[in-house]
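Peer 1: sequence isn't available, so here's the structure alone:
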């Protein structure tokens, strides 16, 4: 199943819907043992997909599977970015703040999360 996910990602014309479905199916079976592959899938989708709400929602579901197994900085930051792209800025800011706190615990650089917080705070309502 993981091989299918990587195969789909490697195709010249990516079928993001099939990629997301394969990642979600993989997560149902293996999330507790392999949250990193789920993070990787969601992060790839977050990076490549700009404004397709259906696909971004699937990426959100994938990162939620990873977070159920591991509330790491990377997983939290990816969730925050997805929420921001989905227009859910109050929730994105809360999760980004949690990511910054987790980065301090993990002794990681919180730069991505702090940049996202700055971007959200500069965004004008309406």
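Peer 2: Happy to help now that I have it. Every value quoted in this text rests on a predicted model; they were computed, and no experiment measured them.

Peer 1: what about stretch 103-110, distance to the chain center?
Peer 2: Put simply, stretch 103-110 sits 18 Å off its chain's centre (CA atoms, centre = their mean, to the nearest Å).

Peer 1: what do you get for stretch 106-115?
Peer 2: 15 Å.

Peer 1: what comes up buried for it?
Peer 2: Across stretch 106-115, burial judged by 16 or more other CB atoms under 10 Å covers 108, 110, 112, 113, 114. Every C-beta, even on glycine, is put in place using the N, C-alpha and C of the backbone.

Peer 1: got those residues as JSON lines, with pLDDT and distance to residue 48 columns?
Peer 2: Compiled in JSON lines, those are given as follows (pLDDT from 0 to 100; distance: CB to CB, whole Å):
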{"residue": "108", "pLDDT": "95", "distance to residue 48": "24"}
{"residue": "110", "pLDDT": "98", "distance to residue 48": "23"}
{"residue": "112", "pLDDT": "97", "distance to residue 48": "16"}
{"residue": "113", "pLDDT": "98", "distance to residue 48": "20"}
{"residue": "114", "pLDDT": "98", "distance to residue 48": "23"}
